[in-house]
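Peer 1: Based on what follows, work out the 3D shape:
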Amino acid sequence: MKNFLTIVLFSLLMIACKSKITNQATGAAYKDVDVAQAKIMIQEEKNLIILDVRTPEETAKGMIENSIEIDYLGDSFDAEISKLDKSKPYLVYCRSGGRSVSASEKMIAAGFTDVTNMKGGYNDWSSK
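Peer 2: Residues are numbered from 1 along each chain as shown. Presented below is the predicted three-dimensional model:
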């Protein structure tokens, strides 16, 4: 029984300690916001760049106004983000929130300093 409790506690500790990717050189890490917070960011942040990382087939069904499209699953994602201004603020979204986390992590690792992931993605955006 004691071993079982030790394993459970260790597992919970590992889950709780899992942290977001942080750029060791800059100390930057991406942030998460929900759709309501993202809408406020879009209204208030004049320099915000909205980045849609869905596939062309997905973006053909609709996009957040003024988004730029860079397909996370495309072969040129890394090359395309390397062309972006790393000092600007970015709001990143995908269909449901998975790829945008991965894209945000890649951007932070590449030296971006202000990256925000929109949880729930375009699915949540279009339903609210």
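
Peer 1: which secondary structure element contains the closest residue to residue 117 other than its chain neighbours?
Peer 2: Nearest non-adjacent residue to residue 117, counting by Cβ to Cβ, 6 or more residues apart in numbering: residue 104, 4.5 Å away. Every C-beta, even on glycine, is put in place using the N, C-alpha and C of the backbone. Using DSSP states H and E, residue 104 sits in helix 98-109.

Peer 1: Now residue 95: closest residue in space that isn't a chain neighbour?
Peer 2: residue 121 (4.9 Å).

Peer 1: cool, and residue 25?
Peer 2: Leaving aside its sequence neighbours, residue 25 sits nearest to residue 111 (Cβ to Cβ, 6+ apart; 7.4 Å).

Peer 1: give the contact list for that neighbour.
Peer 2: 23, 25-26, 86 (Cβ atoms under 8 Å, 6 or more residues apart in numbering).

Peer 1: Filter those down to the buried ones.
Peer 2: Neighbour counting by 16 or more other Cβ atoms under 10 Å classes 23, 86 among those as buried.
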